[in-house]
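K.L.:
Give me a 3D structure for the following:
(one chain, ligands or ions: 2)
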Amino acid sequence: MVEPANTVGIPLNHAALLRDELDIVIPTIRNLDFLEMWRPFLQPYHLIIVQDGDPSKTIAVPEGFDYELYNRNDINRILGPKASCISFKDSACRCFGYMVSKKKYIFTIDDDCFVAKDPSGKAVNALEQHIKNLLCPSSPLFFNTLYDPYREGADFVRGYPFSLREGVSTAVSHGLWLNIPDYDAPTQLVKPKERNTRYVDAVMTIPKGTLFPMCGMNLAFDRELIGPAMYFGLMGDGQPIGRYDDMWAGWCVKVICDHLGLGVKTGLPYIYHSKASNPFVNLKKEYKGIFWQEDIIPFFQSAKLSKEAVTVQQCYIELSKMVKEKLSAIDPYFDKLADAMVTWIEAWDELNPATKA
Ligand SMILES: O=c1ccn([C@@H]2O[C@H](COP(=O)(O)OP(=O)(O)O[C@H]3O[C@@H](CO)[C@H](O)[C@H]3O)[C@@H](O)[C@H]2O)c(=O)[nH]1
Ligand SMILES: [Mn+2]
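P.N.:
Numbering: from 1, shown residues only. Ligands and ions are numbered 1, 2, ... in the order given. Model prediction:
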């Protein structure tokens, strides 16, 4: 195969880690030119492109990438009535890519996220860092003040219990963003010119019992450990809120990771987020979520899963019942969301039948 032009002057990463065990999921309504900048790092990997919006529109994929592309017609064809749980006209549609993947790991990235540069000016291979994060244990049970103890040049500090130094398996690696930070609409409106220029060279495990605002822009996870919980909640067309899809997934994922003894990391890698979405449009999408979350967060903080819940699916179904019971009073939307959570698990299990042990 003739190697397409390398436009960023970085040699193609032929020794791509986990190239046959990882899929890259990209939701898009735009075009995929941004892949040219990522080519050296991402070309060896298989892409799952989830085309949102008008299925009759053709999305051009740059030469040389190995991909599968799904539009709304494909989602409806594959899932039938269960397609109702996959959002339409919202980046939440990306979770369909998690469901159809057959790989152990997922990296999801937005089409307006580009390769960042670290303070030395070196291009950041975000995928490589996510893989390092996922392949290294997490330390949710006791905070290490020197951050990631498994990193070259760091370790557990004095006073860190040796019984806890083995750590736990890492389920999620949550990356960050230079330039346009993932602010909510009110913050965007108040600080329209604020750009994130601070590159913090750290990876941290989010302590057990602590929730966090998961952004789907630059995210990787172990699909076999936590995939069924990565449902990006019902948003977009016909829904009362938007831009809470990834947040919802993050709250469910963290409760389940804490219950199952899995780790969630945040920090490196950075991507360069180039496009600020319209704050007024975002405000319309977010505003109910902004006050609903004052009740949603205490709900997740107090959610207790039973000891019988030993698989992600069992945990997720238990959570969906709690959502229906305790959040529906806020708005009928949560009743619909609880049902969609069940549909998601049914669809997940249909597409990913449990392999015989
Ligand atoms: O209807 C849509 C809109 C967009 N997309 C694709 O989704 C991503 C993100 O879109 P965009 O960059 O325009 O929006 P942001 O506000 O920067 O997104 C971040 O905020 C959160 C919103 O939920 C989310 O965590 C981040 O993604 C792009 O790839 C668009 O092409 C879509 O599929 N459908
Ligand atoms: Mn964006």
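K.L.:
Show the residue spans covered by the helices in the protein.
P.N.:
Assigned by DSSP state H, the chain shows helices spanning 35-42, 72-79, 95-100, 126-135, 185-190, 223-226, 245-260, 279-302, 312-326, 332-351.
K.L.:
can you redo those as CSV with distance to ligand 1, mean neighbour count and mean pLDDT?
P.N.:
Bear in mind the C-beta positions are built from the backbone N, C-alpha and C, glycine included. Formatted as CSV, those follow (distance: least, CB to the nearest ligand atom, whole Å; neighbours: other CB atoms under 10 Å; pLDDT from 0 to 100):
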stretch, distance to ligand 1, mean neighbour count, mean pLDDT
helix 35-42, 12, 21, 97
helix 72-79, 11, 17, 98
helix 95-100, 11, 24, 98
helix 126-135, 15, 22, 98
helix 185-190, 9, 15, 97
helix 223-226, 17, 21, 98
helix 245-260, 4, 24, 98
helix 279-302, 6, 16, 96
helix 312-326, 19, 19, 98
helix 332-351, 15, 19, 98
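K.L.:
For ligand 2, find the nearest of the ones you listed.
P.N.:
Closest to ligand 2 of these is helix 279-302 (CB to the ion; 10.5 Å).
K.L.:
Tell me who's in contact with residue 300.
P.N.:
211, 251-252, 254-255 (CB atoms under 8 Å, 6 or more residues apart in numbering).
K.L.:
for those residues, which one is nearest residue 99?
P.N.:
Lowest distance from residue 99 to the contacts of residue 300 (CB to CB) belongs to residue 252, with 15.2 Å.
K.L.:
Just put the helices of the chain in TSV and tack on distance to residue 116.
P.N.:
Supplementary listing: these in TSV, determined by distance: least, CB to CB, whole Å:
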stretch	distance to residue 116
helix 35-42	10
helix 72-79	31
helix 95-100	23
helix 126-135	7
helix 185-190	20
helix 223-226	25
helix 245-260	20
helix 279-302	23
helix 312-326	31
helix 332-351	32
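K.L.:
Dump those helices into CSV; add distance to ligand 2 as well.
P.N.:
Formatted as CSV, the helices of the chain follow (distance: least, CB to the ion, whole Å):
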stretch, distance to ligand 2
helix 35-42, 15
helix 72-79, 21
helix 95-100, 17
helix 126-135, 15
helix 185-190, 12
helix 223-226, 23
helix 245-260, 12
helix 279-302, 10
helix 312-326, 28
helix 332-351, 24
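K.L.:
circling back to that earlier point, biggest separation within the contacts of residue 300, which pair?
P.N.:
211 and 252 (10.2 Å).
K.L.:
Not counting its neighbours along the chain, what's nearest the closest residue to ligand 1 within the chain?
P.N.:
Taking CB to the nearest ligand atom, ligand 1 has its nearest neighbour within the chain at residue 91, 3.0 Å off. The spatially closest residue to residue 91, leaving aside those adjacent along the chain, is residue 27, at 4.7 Å (CB to CB, 6 or more residues apart in numbering).
K.L.:
I'd say that neighbour and residue 50 touch.
P.N.:
Yes - Residue 27 is in contact with residue 50 according to CB atoms under 8 Å; the separation is 4.8 Å.
K.L.:
Need the residues touching each of those two.
P.N.:
With CB under 8 Å, 6+ apart as the test, residue 27 and residue 50 both reach 93-94, 97.
K.L.:
And for the closest residue to ligand 2 within the chain, the neighbour number?
P.N.:
Of all residues in the chain, the one sitting closest to ligand 2 is residue 112 (4.2 Å; CB to the ion). For residue 112, the neighbour count with other CB atoms under 10 Å is 17.
K.L.:
Repeat that for the one 3 residues further on.
P.N.:
Neighbouring residues of residue 115 were enumerated by other CB under 10 Å; the total is 21.
K.L.:
Contacts only, for it.
P.N.:
Neighbours of residue 115 in contact, by CB under 8 Å, 6+ apart: 8, 37-38, 41, 123-126, 271-272.
K.L.:
Tell me which stretches of the stretch 1-150 of the chain form strands.
P.N.:
For the stretch 1-150 of the chain, the strands defined by DSSP state E, counting those that start in this stretch cover 22-28, 46-51, 66-70, 105-109, 113-115.
K.L.:
For the third one, give the mean pLDDT please.
P.N.:
pLDDT averaged over strand 66-70 equals 98, rounded to a whole number.
K.L.:
Repeat that for the last one.
P.N.:
Looking at strand 113-115 alone, the average pLDDT works out to 98.
K.L.:
quick check, it touching ligand 1?
P.N.:
No - using CB under 6 Å from any ligand atom, strand 113-115 stays clear of ligand 1, coming no nearer than 7.8 Å.
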